[in-house]
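Peer 1: Take this sequence and fold it.
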Amino acid sequence: MRVLPSLRPARDRAEMTATEPLRLHRPDLIARLGDEHFDMLIVGGGITGAYAALDASLRGYRVALVEKDDFAFGTSSKSSKMVHGGLRYIEQGNLGLVRHSLLERQRLRRNARHLVQRLPFLFPVMEREGVFDKRLAKAFESLLWTYDIAGGWREGILHQKLSKAEVLSHCPTFREEHLTGGFMYFDARVDDARLTLNVARTAAFHGAAVLNHAKAIEITRDAHGKVDGAIVQADGGEIRARARVVVMATGVWLRDWDGRRKNEEKTLNVRPAKGVHVAIPWLKIRNDCTVTIPVPGRNRRATITRWGNVSYLGTTDEDYEGNLDDVCCTREELDFLLEGARSALKTDLRAEDVVGSIAGCRPLVAPPGGKTLEIKRNHEIRTASDGLLTIVGGKLTTSRHMAEQTIDAAQKVLGRRAGCTTKSAFLLGAAGYDAQAITASGGLSAHLGERYGTEARFVSDILQDDPSLQKPIVEGLPYSEAEIVYAVRHELARTVDDVLSRRIRARLMARDASGRAADRVGEILQAELGLSPAETAQQVTSYRAALAHEKSILMGESR
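Peer 2: Numbers count the residues shown, from 1 in each chain. Next up is the predicted model:
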């Protein structure tokens with residue numbers, strides 16, 4: 001791999017050759033976790049923790065990042081996939097968050113240019129029973145001008161007013177009754193799981209020890225009561241990881257961590273807010289943008305967005321008090337979404353049409369009481385008297401800035417100071433990537449380019465070595481077996497679920513077909529990782545059981 005100036009490691013390490021992709025050897029990572037004395041140990045492999053690891057590595061610190069499951073296992077793979085300022089936050093009066101979010105949106109558009117693409121948003125205007133009626137249309141247009149001035153202009157295009165025919169050209173299944181026109185403005189979207197993984201891998205490229213399936217079970221303290229590391233469970237053993245600063249970036253799981261602490265200083269009030277999305281075959285919707293749809297009788301809106309050969313329909317947040325490791329879309333939530341879609345679209349959507357679903361919880365920082373929609377999406381950072389540092393809240397779009405402020409706070413504990421450089425730091429695969437040229441080439445090049453950027457050549461190297469791996473891994477989806485091999489060798493995939501849920505989003509886009517592909521994925525994992533037949537069979541069985549559980553709750557069959 002050619003090392004560009006903006007990707008050069010902050011600490012001395014052997015540079016990779018032009019023909020060698022990043023490969024992280026798990027036994028070496030585990031050995032590092034136990035042997036090295038780190039400046040910072042970050043607990044939590046979501047987007048905030050991953051970006052914190054990258055930021056600290058670029059500042060020259062010795063960093064370790066541990067995640068109890070897989071990178072982006074939680075909220076960071078179950079978001080709306082939108083990189084945006086958030087019109088709703090203007091309605092809340094939080095213009096500062098919008099302005100900053102739009103600046104961070106453009107930084108991601110540059111630094112992760114292969115992953116973050118422009119996304120048009122369509123708001124239909126109706127005579128009645130719409131997202132906006134004529135009375136509100138003028139006020140909404142003023143809102144859009146505010147959004148453009150706050151930073152929407154950075155995308156290079158301002159909002160547009162659409163005629164009825166133009167609205168239908170973007171979503172031909174939208175009901176024409178009462179439709180008078182619409183508005184379109186522009187933000188961006190991203191595969192959130194791949195973004196998180198890419199940030200973690202880039203941190204590793206700059207020297208961080210990043211380890212998934214490694215659970216911190218206890219924060220350790222020295223004789224003076226100051227935090228000095230953690231006990232981490234990984235691969236059947238326990239590791240004593242030593243660090244001068246420990247950063248808790250566990251998102252909503254901070255609720256459970258605080259709940260089990262005794263006679264210790266509590267951190268922050270975490271209020272999980274559940275959001276759900278369901279995937280529907282795109283041909284039933286035929287939208288080329290994100291369409292905001294009304295839900296009759298409800299003071300809420302839903303959105304429907306195209307992603308490949310599916311459109312995913314989702315809602316905003318509702319309070320959630322259940323098991324954070326088992327968050328699923330329920331039949332009630334599905335019916336709510338389908339009711340809204342059927343009322344807005346000329347298509348007969350049924351529960352049986354749904355090909356996949358995701359549900360996750362946003363970590364709001366707020367005490368109990370009040371509606372989740374009214375809670376500001378700000379983040380908070382706190383340093384306890386024992387030195388334990390906690391970051392929680394915020395949103396995907398502002399994760400880089402959250403990480404910057406987190407490492408600034410960690411430096412105060414260390415008594416050191418180094419400047420942040422992540423504002424302009426390319427992620428792996430981004431530097432030199434030309435999206436227009438790759439898209440114009442079409443076919444395999446475009447598919448790989450949008451997933452791997454300039455690292456796509458390493459996937460094609462695997463195909464060149466073994467052309468038989470060009471076979472699709474999941475029926476109806478474009479992912480090849482070579483991409484599974486790449487995920488295991490270079491993207492820290494350890495399980496069937498790692499691969500099908502997050503490396504290739506098949507669990508969301510084709511749930512049942514992904515279950516049928518689990519055997520072949522298991523075979524590849526067994527060959528690459530040296531798993532025993534029993535371990536492989538157990539992973540396949542566990543994955544299919546998880547799918548069955550998820551589907552039974554979605555269809556209302558679970559009691």
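Peer 1: so which helix or strand takes in the closest residue to residue 483 other than its chain neighbours?
Peer 2: Distances taken as CB to CB, 6 or more residues apart in numbering place residue 459 nearest to residue 483, at 6.0 Å, with adjacent residues excluded. All C-beta atoms are positioned from the backbone trio N, CA, C, and that covers glycine. Assigned by DSSP states H and E, residue 459 falls within helix 456-465.
Peer 1: following that helix, which helix or strand shows up next?
Peer 2: Defined by DSSP H and E, the subsequent element after helix 456-465 is helix 481-490.
Peer 1: show me where pLDDT drops low in the stretch 51-200 of the chain?
Peer 2: 88-94, 128-139 (pLDDT under 70).
Peer 1: tell me what the helix or strand hosting residue 106 is packed against?
Peer 2: Taking DSSP H and E as the criterion, residue 106 maps to helix 95-111. Contact partners of helix 95-111 among helices and strands, from 3 or more CB pairs under 8 Å, 6 or more residues apart in numbering; DSSP states H and E: strand 82-83, helix 87-91, strand 116-126, helix 134-150, strand 179-190, helix 399-414.
Peer 1: ok so, going back, quick one: residues contacting the residue nearest to residue 483.
Peer 2: 448, 452, 480, 482, 483, 486 (CB atoms under 8 Å, 6 or more residues apart in numbering).
Peer 1: Am I right that the third one is in contact with residue 463?
Peer 2: Yes - look at residue 480 against residue 463 with CB atoms under 8 Å: they come within range, at 7.2 Å.
Peer 1: more crowded one of these two?
Peer 2: Neighbour totals were compared for residue 480 and residue 463, and residue 480 leads with 22 against 19 (other CB atoms under 10 Å).
Peer 1: List the residues that contact the nearest residue to that one once chain neighbours are set aside.
Peer 2: Sequence neighbours aside, residue 470 is the residue nearest to residue 480 in space, at 5.3 Å (criterion: CB to CB, 6+ apart). Shown in contact with residue 470 (CB under 8 Å, 6+ apart): 463, 480, 481, 482.
Peer 1: Hmm, the last one is touching residue 467, no?
Peer 2: Put plainly, it is residue 482. No - between residue 482 and residue 467 there is no contact, the gap being 9.1 Å when judged by CB under 8 Å.
Peer 1: what about these two, which has more around it?
Peer 2: Neighbours per residue (other CB under 10 Å) separate residue 482 from residue 467, with residue 482 holding more: 25 against 10.
Peer 1: Apart from its neighbours in sequence, what residue is nearest that one?
Peer 2: Per CB to CB, 6+ apart, closest to residue 482 is residue 469, 4.0 Å.
Peer 1: count of neighbours near that neighbour?
Peer 2: When neighbours are counted by other CB under 10 Å, residue 469 registers 19.
Peer 1: Next one: it from residue 452, what distance?
Peer 2: Separation of residue 469 from residue 452 (CB to CB, to the nearest Å): 15 Å.
Peer 1: Same question for residue 231.
Peer 2: Taking CB to CB, one finds residue 231 at 36 Å from residue 452.
Peer 1: Between these two, point out the one with more neighbours.
Peer 2: residue 452 (25 against 14).
Peer 1: And the top helix by length along the chain, what's buried?
Peer 2: Determined from DSSP state H, the single longest helix within the chain is helix 533-554. Counting neighbours by 16 or more other CB atoms under 10 Å, one finds that the buried residues in helix 533-554 are 536, 539, 540, 543, 544, 546, 547, 550, 551, 553, 554.
Peer 1: Not counting its neighbours along the chain, what's nearest the fourth one?
Peer 2: Of all residues not flanking residue 543 in the chain, residue 496 sits nearest, at 4.5 Å (CB to CB, 6+ apart).
Peer 1: isn't that neighbour right next to residue 521, touching?
Peer 2: Yes - taking contacts as CB under 8 Å, residue 496 lies within contact range of residue 521: 5.1 Å.
Peer 1: joint contacts of those two?
Peer 2: residue 540.
Peer 1: Low-confidence regions, the chain specifically.
Peer 2: Within the chain, the segments meeting pLDDT under 70 span 1-19, 88-94, 128-139, 258-267, 296-300, 316, 368-377, 558-559.
Peer 1: returning to what we had before: hmm, the residue nearest to residue 482 is touching residue 463, no?
Peer 2: Yes - the pair residue 469 and residue 463 qualifies as a contact (CB under 8 Å) at a distance of 5.9 Å.
Peer 1: tell me, what's touching these two both at once?
Peer 2: 480, 482.
Peer 1: Residue nearest the middle of the protein, spatially speaking?
Peer 2: The centroid of the chain falls nearest to residue 192 when counting by CA atoms, centre = their mean (2.6 Å).
Peer 1: any idea how far the residue nearest to it when sequence neighbours are not counted is from residue 39?
Peer 2: Among residues not flanking residue 192 along the chain, residue 79 sits closest, at 4.9 Å (CB to CB, 6+ apart). Separation of residue 79 from residue 39 (CB to CB): 30 Å.
Peer 1: before we move on, the earlier item: and of the contacts of residue 470, the nearest to residue 178?
Peer 2: Nearest to residue 178 among the contacts of residue 470 is residue 480, at 45.8 Å by CB to CB.
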